[in-house]
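Asker: how does the following fold in three dimensions:
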Amino acid sequence: MQNSNADALSRINTLAEEGSESNEIDQDMKVKLLQENQDSVLGGHRGMNKTYEAINVHYQWPNMKREVEGYVEKMRKMSTE
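Answerer: Numbering: from 1, shown residues only. Below is the predicted model:
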């Protein structure tokens, strides 16, 4: 069985200087990071603050906190339906 989290971990520090367009995180990567840090067994539905902190250790992008908050809220609403 392949470890899906190793893929994200292997990309730690892939972002260069802030504003460097060639190393920006694309939307697919953001979604994958959010899923792995919130929805996976290892993520454990930690809530907004812990999910944000876990991602922020290795990645940053503009409006990241707002995007993490929106994702976590969306997942919370889906789980209560």
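
Asker: where are the low-confidence patches of the protein?
Answerer: 1-23, 40-45 (pLDDT under 70).

Asker: which residues in it form helices?
Answerer: All helices of the chain, identified by DSSP state H, fall at 4-9, 27-34, 48-56, 64-80.

Asker: and the spatially closest residue to Leu33 that is not a sequence neighbour, how far from Gly47?
Answerer: In this structure, Leu33 finds its nearest non-sequential neighbour in Ile55, 5.4 Å apart by Cβ to Cβ, 6 or more residues apart in numbering. (Each C-beta comes from the backbone N, C-alpha and C, glycine too.) For Ile55, the distance to Gly47 (Cβ to Cβ, to the nearest Å) stands at 13 Å.

Asker: measure Lys50 to Glu73 for me?
Answerer: Using Cβ to Cβ, we find Lys50 at a distance of 14 Å from Glu73.

Asker: more neighbours, the two?
Answerer: Remark: of Lys50 and Glu73, Lys50 carries more neighbours, 15 against 11, as counted by other Cβ atoms under 10 Å.

Asker: the more buried one and Leu33: what is the separation?
Answerer: 14 Å.

Asker: check Glu67 too.
Answerer: Distance from Glu67 to Leu33, by Cβ to Cβ: 10 Å.

Asker: do the same with Trp61
Answerer: Trp61 sits 10 Å away from Leu33 when distances are taken as Cβ to Cβ.

Asker: and what of Thr51?
Answerer: Following Cβ to Cβ, the distance that separates Thr51 from Leu33 is 9 Å.
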